[in-house]
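In: A structural model of the following input is requested.
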Amino acid sequence: MKAIRKKTNAAPGLAPPDPRALEAIGRALEAHYADLVQAPLPQKLVELLARLEAGDSASEVQGNGDANG
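Out: Residues are numbered from 1 along each chain as shown. Got it, this is the predicted structure:
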């Protein structure tokens, strides 16, 4: 019978991280990236996404289906 080991994210031999430290890091990252999340997409990216979506629609109309057949 195989031994069952408990899965853990901690590296062997290291103490688990302090939950308060993890919360503080999470809050700091959230504050740091808040502006980026709220920023609008660049127009070039919006146009590229529209072209990709139009290409997907054309493929479906032509009967190509998805990549899996």
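In: check the gap between residue 54 and residue 18 for me.
Out: 50 Å (C-beta to C-beta, to the nearest Å). Backbone N, C-alpha and C define where each C-beta goes, glycine included.
In: let me fix that, I meant to ask about residue 29.
Out: Going from residue 29 to residue 18 by C-beta to C-beta gives 16 Å.
In: export the helix or strand of the chain with the lowest mean pLDDT as PDB, just CAs?
Out: Ranking every helix and strand in the chain by mean pLDDT, DSSP states H and E puts helix 43-62 at the bottom, with a mean of 83. Output in PDB follows, covering the C-alpha atoms of helix 43-62 (Å, rounded to 0.1, in the frame of the first residue of the first chain):
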ATOM      1  CA  GLN A  43      -7.700  51.100 -29.000                       C
ATOM      2  CA  LYS A  44      -5.300  48.900 -30.900                       C
ATOM      3  CA  LEU A  45      -6.100  45.900 -28.700                       C
ATOM      4  CA  VAL A  46      -9.900  46.600 -29.000                       C
ATOM      5  CA  GLU A  47      -9.600  46.600 -32.800                       C
ATOM      6  CA  LEU A  48      -7.600  43.400 -32.700                       C
ATOM      7  CA  LEU A  49     -10.100  41.700 -30.500                       C
ATOM      8  CA  ALA A  50     -12.900  42.900 -32.900                       C
ATOM      9  CA  ARG A  51     -11.000  41.400 -35.800                       C
ATOM     10  CA  LEU A  52     -10.500  38.100 -34.000                       C
ATOM     11  CA  GLU A  53     -14.200  37.900 -33.100                       C
ATOM     12  CA  ALA A  54     -15.200  38.700 -36.700                       C
ATOM     13  CA  GLY A  55     -12.900  35.900 -37.900                       C
ATOM     14  CA  ASP A  56     -14.600  33.500 -35.400                       C
ATOM     15  CA  SER A  57     -18.000  34.400 -36.700                       C
ATOM     16  CA  ALA A  58     -16.900  34.000 -40.300                       C
ATOM     17  CA  SER A  59     -15.500  30.500 -39.500                       C
ATOM     18  CA  GLU A  60     -18.800  29.500 -37.900                       C
ATOM     19  CA  VAL A  61     -20.800  30.700 -40.900                       C
ATOM     20  CA  GLN A  62     -18.600  28.800 -43.300                       C
END
